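> fold the stuff below for me.
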Amino acid sequence: MTTAAFMILLAGTVGAYLLNRHAAEQIRNRGARLHSLAGFHGLYGALLVAVPTLVVVLVWLLVEGAVIDRLVMSGLPAAALDGLGAGERQLILSEITQLAGGRQFGQPQPWVLEAAARMVRLRLASDVLLVATVLALGGGMAVLAWRRVSPDFRARQQAERIVNGLMVFCSTIAIFTTVGIVASLVFETGRFLAMIPWTEFLLGTRWEPQMAIRADQIAAQGSFGVIPVFLGTMVITVVALVVAVPVGLFSAIYLNEFASPRTRRMVKPVLEILAGVPTVVYGFFAVLTIAPALREFGAATGLPIAPNTALAAGLVMGVMLIPFISSFTDDALTAVPRSLRDGALALGATRAETVMNVLFPAAIPGIVGGILLAVSRAVGETMIVVMAAGLIAKLTLNPLDSVTTVTVQIVTLLIGDTAFDSPKTLAAFALGMLLFVVTLAINVLALRIVRKYREIYD
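Numbering: from 1, shown residues only. You can find the predicted model right below:
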């Protein structure tokens, strides 16, 4: 039924567009002069039907489940819910929902079967009512838009007003989403720091986020020093940048200044294919190819190389960042005016001297900004390091050793059924807040560098 509602909405939107456009064209064909083009009349009709109807449908779908669940639970026998806590009530609702969906386990009680049947009826009634609402509202809006078609009606301004309102609404949603994410991180981080001193978290050198099972259990109280975790993140990031920065810069310089147009058309799409490869594929490549190769190299040379190493994760992450840095560098070099190239060549400079002494300094703000954004991408990468780096936090700078990162620990801490009021789980939010602050600082630094050293050419 939900699909039917959206199909009716789509058909009504297209129908309103065609109806209003046809009505405006008829007025124009009779010799009257329209204030707005017929296409704007059609666009106004389509927007007037689509926007309010879509809002109603989305709000309906958001509240439908909660309302039906409340109605079903309120209709249960009082004796069935007496003395039950919130978790036990939720289990009963889950059982009823599964039965309503056609999944039955064992022999439910008669009142559970009756509640499931009632949930099915309520869902069906809600779907029918939703379709009727879409038909009535969409039809009413279409008639209202059609009645407004006239030579003096300012359809273009009205359509632009609706579109402007949509853009403001989307911007507001984005802003409030960001504020909500930050607020949730701050709130949960505050709860964590109320249990663990901030000095231990920021300055501690041991990361063992264990949780005591018994009140007298001392060995599993846990240590929440973030320095080993953050140090592992930095080691992998440095390895990735050592690979990505030179290769990305030189490939961009070659393709922008030295390669023939035919070579550029062939190589650049192939290079940018790397940006479309899912990170899980990079992780498989690191685990199945790079890590075994490093272990064989270590066995042949006598170097102690761990099964999961920062070097393997960093190398593969560097390959992933190559198109990112190359694209930023290529855009920065392309933005340098042609007159600077021609002037340097006219003075007798070679192509290499022109690149190193003229183009590269002029493009350095964009290049540095791209590198710093690549750093933030490397710091926040999850899938590659989860599969290739390891899970144990070690206070080491050795890239041949197994390390862990902030993102790996966030994933690890949130796996399972741990309660959200324990330091072990809340530590994930504290790590997320730290990662957010670090990446935000890197992005702000990149923007400041670009704005400070950016040259504006005529």
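> does residue 402 touch residue 388 like I think?
No. Counting by Cβ atoms under 8 Å, residue 402 sits too far from residue 388 to count as a contact (9.8 Å). Bear in mind the C-beta positions are built from the backbone N, C-alpha and C, glycine included.
> looking at these two, which is more packed in?
residue 388 (29 against 22; other Cβ atoms under 10 Å).
> now do the contacts for the more buried one.
Each residue near residue 388 by Cβ atoms under 8 Å, 6 or more residues apart in numbering is listed here: 283, 286, 287, 290, 291, 308, 309, 312, 313, 316.
> overlap in contacts of residue 402 and residue 388?
When contacts are counted by Cβ under 8 Å, 6+ apart, residue 402 and residue 388 have 308, 309 as shared neighbours.
> where are the low-confidence patches of the protein?
Flagging of the chain using pLDDT under 70 yields the residue ranges 1, 79-81, 83-87, 104-106, 210-222, 416-420, 453-458.
> domain assignment for it?
Using automatic domain parsing, the domain parsing of the chain gives 2-153, 223-453.
> tabulate those (TSV), appending distance to residue 202.
As requested, the domains of the chain are arranged in TSV below (distance: least, Cβ to Cβ, whole Å):
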stretch	distance to residue 202
domain 2-153	35
domain 223-453	6
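> just say which of those is most tucked in.
Comparing these by mean neighbour count (mean count of other Cβ atoms under 10 Å), domain 223-453 ranks first with a mean of 18.
> which one's the longest helix in the protein?
Here the longest helix in the chain is taken by residue count, with DSSP state H as the criterion, and it is helix 155-195.
> neighbouring contacts of the helix or strand just after it?
Towards the C-terminus, the helix or strand next in line after helix 155-195, according to DSSP states H and E, is helix 198-203. Applying Cβ under 8 Å, 6+ apart, the contact partners of helix 198-203 are 192, 193, 223, 224, 225, 226, 227, 430.
> how about helix 198-203: buried residues?
Within helix 198-203, the residues that qualify as buried by neighbour count (16 or more other Cβ atoms under 10 Å) are residue 201.
> with just CA atoms, put that helix into CSV.
Extracted in CSV, the C-alpha atoms of helix 198-203 (Å, rounded to 0.1, in the frame of the first residue of the first chain):
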residue,chain,number,x,y,z
TRP,A,198,39.6,13.0,31.8
THR,A,199,43.3,12.9,32.8
GLU,A,200,43.2,9.1,32.7
PHE,A,201,41.4,9.1,29.3
LEU,A,202,43.6,11.7,27.6
LEU,A,203,47.0,11.0,29.3
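> report all helices and strands that the next helix or strand after it contacts.
Taking DSSP H and E as the definition, the helix or strand that follows helix 198-203 towards the C-terminus is strand 207-208. Applying 3 or more Cβ pairs under 8 Å, 6 or more residues apart in numbering; DSSP states H and E, one finds that strand 207-208 contacts strand 223-224, helix 227-253.
> what residues does strand 207-208 touch?
By Cβ under 8 Å, 6+ apart, the residues outside strand 207-208 that reach it are 222, 223, 224, 225, 226, 227, 228, 229, 393, 404, 409.
> Serialize these to JSON lines and add fields for distance to residue 425.
Output for the contacts of strand 207-208, formatted as JSON lines (distance: Cβ to Cβ, whole Å):
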{"residue": "222", "distance to residue 425": "11"}
{"residue": "223", "distance to residue 425": "16"}
{"residue": "224", "distance to residue 425": "12"}
{"residue": "225", "distance to residue 425": "17"}
{"residue": "226", "distance to residue 425": "16"}
{"residue": "227", "distance to residue 425": "21"}
{"residue": "228", "distance to residue 425": "19"}
{"residue": "229", "distance to residue 425": "16"}
{"residue": "393", "distance to residue 425": "17"}
{"residue": "404", "distance to residue 425": "17"}
{"residue": "409", "distance to residue 425": "12"}
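> now, among those residues, which is nearest to residue 45?
Out of the contacts of strand 207-208, the one with the shortest distance to residue 45 is residue 409. That distance is 53.9 Å, counting by Cβ to Cβ.
> who's in contact with that closest one?
Neighbours of residue 409 in contact, by Cβ under 8 Å, 6+ apart: 207, 209, 229, 393, 427, 428, 431.
> if we use 10 Å, what do you get?
When contacts are counted by Cβ atoms under 10 Å, 6 or more residues apart in numbering, residue 409 is found next to 207, 209, 226, 228-229, 232-233, 391, 393, 427-428, 431-432.
> and it, how far is that from residue 424?
11 Å (Cβ to Cβ, to the nearest Å).
> anything in contact with each of the two?
Joint contacts of residue 409 and residue 424 (Cβ under 10 Å, 6+ apart) are residue 209.
> and residue 366, how far is that from residue 56?
When distance is defined by Cβ to Cβ, residue 366 is 46 Å away from residue 56.
> again, but for residue 271
Using Cβ to Cβ, one gets 47 Å for the distance from residue 271 to residue 56.
> right, and the helix or strand after the host helix or strand of residue 282?
Using DSSP H and E, residue 282 falls within helix 279-285. For helix 279-285, the succeeding helix or strand toward the C-terminus, using DSSP H and E, is helix 291-301.
> gap between stretch 116-126 and the chain center?
Here the centre of stretch 116-126 is set off from its chain's centre by 35 Å, with Cα atoms, centre = their mean, to the nearest Å.
> just checking, residue 17 touches residue 50?
Yes. When contacts are counted by Cβ atoms under 10 Å, residue 17 is listed as touching residue 50 (9.3 Å).
> next, the residue nearest to residue 275 when sequence neighbours are not counted: secondary structure please.
The shortest distance from residue 275 to any residue that is not its chain neighbour, by Cβ to Cβ, 6 or more residues apart in numbering, is 4.1 Å, and that residue is residue 323. Following DSSP: H, G, I helix; E, B strand; the rest coil, we place residue 323 in the helix state.
> go on, residue 365?
Assigned by three-state DSSP, the conformation of residue 365 is helix.
> that one and residue 333 touch, don't they?
No. Using Cβ under 10 Å, residue 365 and residue 333 do not qualify as a contacting pair, with a distance of 12.0 Å.
> ok, back up a step: in contact with the residue nearest to residue 275, which residues?
The neighbourhood of residue 323, defined by Cβ under 10 Å, 6+ apart, consists of 244, 248, 251-252, 268, 270-277, 330.
> sorry, back to before: for residue 164, state which of the contacts of strand 207-208 is nearest.
When the contacts of strand 207-208 are compared for distance to residue 164 (Cβ to Cβ), residue 409 comes out closest, at 44.2 Å.
> please give the element, helix or strand, for the closest one.
Secondary structure here is read from DSSP H and E; on that basis residue 409 sits in helix 406-413.
> tell me the angle that helix makes with helix 227-253.
Between the direction of helix 406-413 and that of helix 227-253, the angle (axes from the mean of the first three to the mean of the last three Cα atoms, to 10 degrees) works out to 130 degrees.
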